[in-house]
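In: Give the three-dimensional model of this entry:
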Amino acid sequence: MAHYVGAIDQGTTSSRFIVFDKVGSIVSVAQKEHEQIYPGPGHVEHDPLEIWRNTQGVIEQALARKGLSPRDLAAIGITNQRETTLIWDRRTGRPLYNALVWQDTRVDPVVEEFARDGGHDRLRDRTGLPLASYFSGLKLRWLLDNVPGARERAAAGDVLFGNIDTWLVWNLTGGVRGGCHITDVTNASRTQLMNLGSLAWDEEILNLFDIPRACLPQIRSSSEVYGEAADGLAGVPIAGILGDQQAALVGQACFRQGEAKNTYGTGCFMLMNTGETPYPSKCGLLTTVGYRFGQARTVYALEGSIAIAGALVQWLRDNLGIIGSSAEIETLARGVDDNGGVTIVPAFSGLYAPHWNAHARGLIGGLTRFANKGHIGRAALEATAFQTREVLDAMTKDTGIAVKELRTDGGMVVNELLMQFQADILNVPVVRPRVIETTALGAAYAAGLATGFWSGTDELVRNWAVDRRWNPAMDAARRERLNAVWDRAVARSLDWTD
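Out: A predicted model of the protein is given here:
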């Protein structure tokens, strides 16, 4: 009998494989980073073949570390960086171009072209999304327009499109030997090509963007058996797919309307469960699919997407050399009492929610001779908390629901200075769960539900447990003053470029 479920967590900077037991505890993990490719300003690419090789490698390593074999796995789930777009040859399995990462802004001119007729919200009623370079659909159009022969071959069904989930499932289930070309509803909802009501590819949008239907994957639920793995994992069901932020929503057991989580990673992503009806946003949020388990009704979510969170810490490390490793940021920030008047707005590729301003650019404001690298480090951490406050405010305005606590996960939640400041600036308790790898856990849960490893969501709720809770400790006057400074800084960053 299989005692574990495996999860592939393919993220923006690395690929991981994590094995979970029945109570959602980590049994084994392996991780490997992949190259970030920057061919031009605003351009961000990944090598899909490197990602596939790394995925195979971490699966093998994680199993070997605990002496496990594929027979020990009841199923494998997949969670992935969403909106990262690639096309590949059905017959050879070779990508036609590097994957365009979700942060890539090369389609900004195309976005503006479509926005001239009907504005940036012209597709919101059907997709829940504004026109933006963030989503997969226009990235796919760019690839079809700029890779020689790609459009004709895609129309013939010889070139396939997918986000990273689709690429991994296709390879895991045999690739050129009949691999499954599928995606789940959460990833499909991030292409801006799927109708949120019908959960099907929208023919009018396909025609508008000039996307041939033959290259698109089949849309499936987030939790069902899609097929069996091939080669070294032969016989293991591939049974769950969730985009990374929806996976964290599931891993945090946010199954009730109004429950919310925030993931602090390369970017920062807050999702609120809004129930079984798509909830339109008037405050700059995204309406998206939260999850769909089997044939059950689809659950939707409101999302606030922040492009730069942990990536700002990496920038201090890699570009400025202020710290030697990301882990040093908390020590640096604790070396000062406050930010010394320094504010950083990390609009490196524009601002996402709730502003959706592609022409915003990053700034460091409030500098005096008093400012030092400790103040800059502290301001970098605070930038993530302030951006999160903007998103939570927008969610409350859209829904009328006051969030009672914010469940947190992702790599930055080990930073206790950040977590306390987050609680202070929100005036809401911030909770870190016992298992912070909630993205991978959510993918495992989806796969385990499909194969009967877990009986239902009630069992998953019982697995969730608090590790640490931070309660607000800042007085209201100081909170309002800090928020006002942040708002002024953001206003100055908007429309920086033409």
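
In: ok, longest helix in this protein?
Out: Taking DSSP state H as the criterion, the chain has its longest helix at helix 373-399.

In: And it, what's buried?
Out: Buried residues in helix 373-399, defined by neighbour count with 16 or more other Cβ atoms under 10 Å: 373-392, 394-395, 398-399. To be clear about C-beta, it is placed using only N, CA and C from the backbone, and glycine gets the same treatment.

In: next one: it to chain centre, how far?
Out: Per Cα atoms, centre = their mean, to the nearest Å, the displacement of helix 373-399 from the mean C-alpha position of its chain is 17 Å.

In: again, but for stretch 46-54
Out: 18 Å.

In: Could you give the average pLDDT over it?
Out: Stretch 46-54 shows a mean pLDDT of 97.

In: for stretch 372-381, same thing?
Out: Rounded mean pLDDT across stretch 372-381 is 96.

In: and what of stretch 474-487?
Out: 96.

In: Need the contact partners of it.
Out: With Cβ atoms under 8 Å, 6 or more residues apart in numbering as the test, stretch 474-487 has contacts from 343, 366, 382, 386, 389, 424, 425, 427.

In: So which bits of it are buried?
Out: For stretch 474-487, the neighbour count (16+ other Cβ under 10 Å) marks 474, 479, 482, 486 as buried.

In: Give the next helix or strand downstream of the longest helix of the chain.
Out: strand 406-409 (DSSP states H and E).

In: What are the contacting residues of that following strand?
Out: 248, 251-252, 254, 259-264, 270, 392, 419, 422, 426, 428-433, 436-439.

In: Low-confidence ranges, this protein, go.
Out: Counting by pLDDT under 70, the chain shows low-confidence ranges at 1.

In: contact partners of stretch 321-330?
Out: Contacts of stretch 321-330 (Cβ under 8 Å, 6+ apart): 310, 313-314, 316-317, 332, 373, 376-377, 380-381, 411, 415-418.

In: farthest-separated two in those?
Out: 373 and 411 (21.7 Å; Cβ to Cβ).

In: picking that back up, which one of the buried residues of stretch 474-487 is nearest to residue 291?
Out: The closest of the buried residues of stretch 474-487, once distances to residue 291 are taken by Cβ to Cβ, is residue 486, at 32.5 Å.

In: I'd assumed the closest one was in a helix, is it?
Out: Yes - with DSSP: H, G, I helix; E, B strand; the rest coil as the criterion, residue 486 is located in a helix.

In: From residue 479, how far off is it?
Out: 11 Å (Cβ to Cβ, to the nearest Å).

In: List the buried residues for stretch 456-463?
Out: Those would be 457, 459, 460, 463, for stretch 456-463 by 16+ other Cβ under 10 Å.

In: I'd like those residues as TSV, with distance to residue 97 appended.
Out: Formatted as TSV, those follow (distance: Cβ to Cβ, whole Å):
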residue	distance to residue 97
457	40
459	43
460	39
463	41
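
In: Please, which helix or strand holds residue 104?
Out: Here residue 104 is assigned to no helix or strand, by DSSP H and E.

In: all strands of the stretch 151-300 of the chain, in order?
Out: Along the stretch 151-300 of the chain, the stretches classed as strands by DSSP state E, counting those that start in this stretch are 159-163, 182-184, 194-195, 200-201, 218-220, 223-228, 237-243, 260-264, 268-275, 286-291, 299-306.

In: about what we covered before: out of the contacts of strand 406-409, which sit inside helices?
Out: Using DSSP H, the contacts of strand 406-409 in helices are 248, 251, 392, 419, 422, 426, 438, 439.

In: is residue 293 in a bridge, and if so with what?
Out: residue 223 (DSSP bridges).

In: Residue 27 versus residue 443, what's the distance?
Out: For residue 443 relative to residue 27 (Cβ to Cβ), the value is 15 Å.

In: Verify the stated contact: residue 165 with residue 244.
Out: No - counting by Cβ atoms under 8 Å, residue 165 stays clear of residue 244, with 9.6 Å between them.

In: and for those two, which residues touch both?
Out: 79, 80.

In: quick revisit: list buried members of the contacts of strand 406-409 by neighbour count.
Out: By 16+ other Cβ under 10 Å, the contacts of strand 406-409 give 248, 251-252, 254, 259-264, 270, 392, 419, 422, 426, 428, 430-433, 436-439 as buried.

In: list the contacts for residue 104?
Out: By Cβ under 8 Å, 6+ apart, the neighbours of residue 104 are 42, 43, 44, 45, 133, 139.

In: Going by neighbour count, which of those comes out on top?
Out: residue 139 (28 neighbours; other Cβ atoms under 10 Å).

In: rewinding a little: make TSV out of the contacts of stretch 474-487 and add distance to residue 232.
Out: Output for these, formatted as TSV (distance: Cβ to Cβ, whole Å):
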residue	distance to residue 232
343	51
366	55
382	46
386	46
389	46
424	49
425	48
427	51
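
In: so residue 114 is in which element?
Out: Going by DSSP H and E, residue 114 is in helix 108-115.

In: go on, residue 126?
Out: helix 124-127.

In: Name the residues of that helix that are buried.
Out: Applying 16+ other Cβ under 10 Å to helix 124-127 flags 124, 126, 127 as buried.

In: Contacts for it next, please.
Out: 130, 189, 192, 193, 194, 195, 196, 197, 202, 205, 280, 287.

In: Relative to residue 125, how far out is the closest residue to the fourth one other than its chain neighbours?
Out: Pointing back at residue 193 there. Nearest non-adjacent residue to residue 193, counting by Cβ to Cβ, 6 or more residues apart in numbering: residue 137, 4.6 Å away. To residue 125, residue 137 is 16 Å away according to Cβ to Cβ.

In: Over to residue 247?
Out: Residue 247 is 27 Å from residue 125, by Cβ to Cβ.

In: same question, residue 231
Out: When residue 231 is compared with residue 125 (using Cβ to Cβ), they lie 44 Å apart.

In: swap in residue 495?
Out: 26 Å.

In: do the same with residue 345
Out: Applying Cβ to Cβ to residue 345 and residue 125 gives a distance of 31 Å.

In: Could you do residue 64 as well?
Out: Residue 64 is 50 Å from residue 125, by Cβ to Cβ.

In: try residue 468
Out: 41 Å.

In: pretty sure residue 342 is touching residue 379, no?
Out: Yes - Residue 342 lies in contact with residue 379 (Cβ under 8 Å); the separation is 4.3 Å.

In: rewinding a little: now the two most distant members of the contacts of residue 104.
Out: 45 and 133, at 13.9 Å, using Cβ to Cβ across the contacts of residue 104.
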